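Q: Sequence and predicted model, in that order:
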Amino acid sequence: MGICTVVTDANISSGPESNTTGITVFSMPGWQLALWAVAYLTLVLVAVTGNATVIWIILAHQRMRTVTNYFIVNLALADLCMAAFNAVFNFIYASHNIWYFGRAFCYFQNLFPVTVMFVSIYSMTAIAADRYMAIVHPFQPRLSAPGTKAVIASIWLVALALAFPQCFYSTIVMDEGATKCIVDWPENNGSKMLLWYHLAVIVLIYFLPLVVMFFAYSVIGFTLWRCAVPGYHAHGANTHYLLAKKKFVKTMVLVVVTFAICWLPYHLYFILGHFQEDIYCHKFIQQVYLALLWLAMSSAMYNPIIYCCLNRRFRSGFRIAFRCCPWVTPTEEDKVELTHTPSLSRRVNRCHTKETLFMNGDVAPSEATSGQPGGPQVGVPIES
């Protein structure tokens with residue numbers, strides 16, 4: 001960005017070019033800085049507490065340890081890291097326009113946020129793929145525990161590879177007495193490299209996974225709502241199981257839509273900045289950037305709220321986790337929700353394929369039964 005730049009994106013994947021910033025005449029009154037600080041502090045506290053609680057609910061209760069829920073743990077971990085590292089340090093850099101944190105952390109801040117944003121959205125994509133196989137092709141083999149770990153590890157490795165170029169060209173410079181953390185692309189074709197890298201990042205961590213998830217959930221929705229899921233019948237316990245799957249799909253669609261809405265303005269902001277750099281010279285741009293950054297970062301705090309509001313089992317987990325609060329009173333039913341295995345269960349074996357209709361990974365958070373991911377388990381949820 002140009003010399004008029006007020007703020008910088010030293011660490012967000014969708015704005016690699018925004019690591020360059022200059023001294024400007026813009027200044028923020030103390031009361032505005034205090035209001036923004038409160039807004040960002042609230043975001044960080046809610047996101048870190050909520051996602052840490054989601055991770056605890058799943059890992060501390062065997063009934064919750066399913067393939068889908070392990071991807072939710074990966075998503076929660078990425079969102080927690082995004083809030084704890086990216087939101088805090090990016091806000092300080094954006095509001096003061098000076099890099100206080102040294103060279104090593106400059107490298108880290110240009111590597112880690114690209115990584116966790118990739119992990120976040122591809123964890124959602126993995127959940128969509130897992131639900132697609134479980135609902136549309138329930139007789140096909142499912143991911144085992146080692147397979148789930150391999151997918152999660154692959155997501156992190158690919159994310160690190162995508163973020164590496166921005167980290168590699170990171171450096172610390174002095175600009176009129178102020179320390180800046182910038183991405184110093186090579187002089188020859190540097191602007192073209194920047195543009196192509198920027199576009200590649202946006203496609204890979206926003207548009208492509210959203211298209212994949214749109215297709216997956218469209219097929220899942222069509223399959224569920226026309227009641228044509230193989231092996232399901234429109235009566236009795238299977239009806240409850242089908243309703244549970246519908247409810248989970250609605251939950252994850254809301255998670256994906258929330259993510260897309262929160263990040264779209266931020267991506268558009270930097271795409272516009274590529275072609276119209278003079279927008280960074282307007283006095284109001286600092287407030288615009290801080291607002292768009294807060295909206296993008298806030299995507300990290302909504303998922304735990306969505307789980308708690310739409311899923312009875314997570315709601316029970318949150319009540320147990322916050323039982324020390326005077327206004328929270330967990331019941332015996334809450335404990336049963338996380339530990340009790342449904343008594344009504346049945347196993348349907350196919351003679352020729354020797355496959356099980358319902359497997360332990362086949363359940364959403366509201367459907368989870370005991371056992372490890374990928375192990376054979378048939379269960380009808382107590383409540384959707």
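A: Cool, the structure landed.

Q: Count the residues that sit near Ile152.
A: For Ile152, the neighbour count with other CB atoms under 10 Å is 19. The way it works is simple: take the backbone N, C-alpha and C, and place the C-beta from them, glycine included.

Q: Name the nearest residue to it, ignoring sequence neighbours.
A: Sequence neighbours aside, Asn74 is the residue nearest to Ile152 in space, at 5.2 Å (criterion: CB to CB, 6 or more residues apart in numbering).

Q: where does the stretch 151-300 of the chain have low pLDDT?
A: Where the stretch 151-300 of the chain drops to pLDDT under 70, the residues are 188-191, 227-241, 277-278, 280-281.

Q: Could you rerun that using 80?
A: Where the stretch 151-300 of the chain drops to pLDDT under 80, the residues are 175-178, 186-195, 225-245, 270-284.

Q: Show me the helices in it, by range?
A: Counting by DSSP state H, counting those that start in this stretch, the segments of the stretch 151-300 of the chain that form helices are 190-202, 208-225, 236-275, 285-310.

Q: Touching, Pro59 and Val73? I think so.
A: Not Pro; residue 59 is Leu. Yes. Using CB atoms under 8 Å, Leu59 is in contact with Val73, at 6.6 Å.

Q: Which one's more surrounded, these two?
A: Counted by other CB under 10 Å, Leu59 and Val73 do not tie: Val73 has more neighbours, with 20 against 13.

Q: going on from the one helix or strand that one maps to, what's the next piece of helix or strand?
A: In the assignment (DSSP states H and E), Val73 maps to helix 67-81. Using DSSP H and E, the helix or strand that follows helix 67-81 in sequence is helix 88-96.

Q: so whichever helix or strand comes after that next one versus helix 285-310, what angle?
A: The first helix or strand that comes after helix 88-96 along the chain, using DSSP H and E, is helix 102-136. Put simply, helix 102-136 runs at 40 degrees to helix 285-310, going by axes from the mean of the first three to the mean of the last three CA atoms, to 10 degrees.

Q: If you count contacts, what does helix 102-136 end up packed against?
A: helix 67-81, helix 88-96, helix 145-168, strand 170-175, strand 178-183, helix 208-225, helix 236-275 (3 or more CB pairs under 8 Å, 6 or more residues apart in numbering; DSSP states H and E).

Q: Comparing the ones you listed, which comes out most buried?
A: A comparison of those by mean neighbour count, using mean count of other CB atoms under 10 Å, puts helix 67-81 on top with a mean of 25.

Q: Export only the CA atoms of that helix, formatted as CSV.
A: This file holds the C-alpha atoms of helix 67-81, laid out as CSV (Å, rounded to 0.1, in the frame of the first residue of the first chain):
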residue,chain,number,x,y,z
VAL,A,67,-15.0,-37.8,13.3
THR,A,68,-17.1,-34.8,12.9
ASN,A,69,-16.4,-33.5,16.3
TYR,A,70,-12.7,-33.8,15.9
PHE,A,71,-12.9,-31.6,12.9
ILE,A,72,-14.9,-29.2,15.1
VAL,A,73,-12.0,-29.3,17.6
ASN,A,74,-9.6,-28.4,14.8
LEU,A,75,-11.9,-25.5,13.8
ALA,A,76,-12.2,-24.3,17.4
LEU,A,77,-8.5,-24.4,17.9
ALA,A,78,-7.9,-22.4,14.7
ASP,A,79,-10.5,-19.8,15.8
LEU,A,80,-9.0,-19.6,19.3
CYS,A,81,-5.6,-18.9,17.9
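
Q: how distant is that helix from the center of its chain?
A: Chain-centre distance of helix 67-81: 7 Å, with CA atoms, centre = their mean, to the nearest Å.

Q: I'd like the average pLDDT over that helix.
A: What helix 67-81 shows for mean pLDDT is 94.

Q: What of stretch 109-127?
A: Averaged over stretch 109-127, pLDDT sits at 91.

Q: Then stretch 28-40?
A: Mean predicted confidence for stretch 28-40 is 87.

Q: Give me the buried stretch members for it, please.
A: Neighbour counts over stretch 28-40 (16 or more other CB atoms under 10 Å) mark 28, 36, 40 as buried.

Q: Likewise for stretch 43-53?
A: 43-44, 46-53.

Q: now those residues in CSV, with pLDDT, distance to Lys180 and secondary structure?
A: Output for the buried residues of stretch 43-53, formatted as CSV (pLDDT from 0 to 100; distance: CB to CB, whole Å; DSSP: H, G, I helix; E, B strand; the rest coil):
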residue, pLDDT, distance to Lys180, secondary structure
Leu43, 95, 25, helix
Val44, 95, 24, helix
Val46, 96, 31, helix
Ala47, 96, 27, helix
Val48, 96, 28, helix
Thr49, 95, 33, helix
Gly50, 95, 33, helix
Asn51, 96, 31, helix
Ala52, 96, 33, helix
Thr53, 95, 37, helix
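
Q: Just the closest of the residues you listed to Pro304, please.
A: Nearest to Pro304 among those: Gly50, at 3.0 Å, using CB to CB.

Q: Could you report the distance from that closest one to His267?
A: Plainly put, Gly50 is 24 Å away from His267 if you go by CB to CB, to the nearest Å.

Q: cool, and Ala296?
A: Relative to His267, and taking CB to CB, Ala296 is found at 9 Å.

Q: can you check Tyr169 too?
A: 21 Å.

Q: And for Pro330?
A: 41 Å.

Q: Next: Ser95.
A: With distances taken as CB to CB, Ser95 is found 22 Å from His267.

Q: Pop out the phi and psi values for Pro186.
A: phi -60, psi 150 (degrees, to the nearest 10).

Q: Counting neighbours, what do you get for it?
A: By other CB under 10 Å, 9 other residues sit near Pro186.

Q: Now do Ile199: how many residues are near it, please.
A: Residue 199: Leu, not Ile. 13.

Q: how close does it sit to Phe164?
A: For Leu199, the distance to Phe164 (CB to CB) stands at 17 Å.
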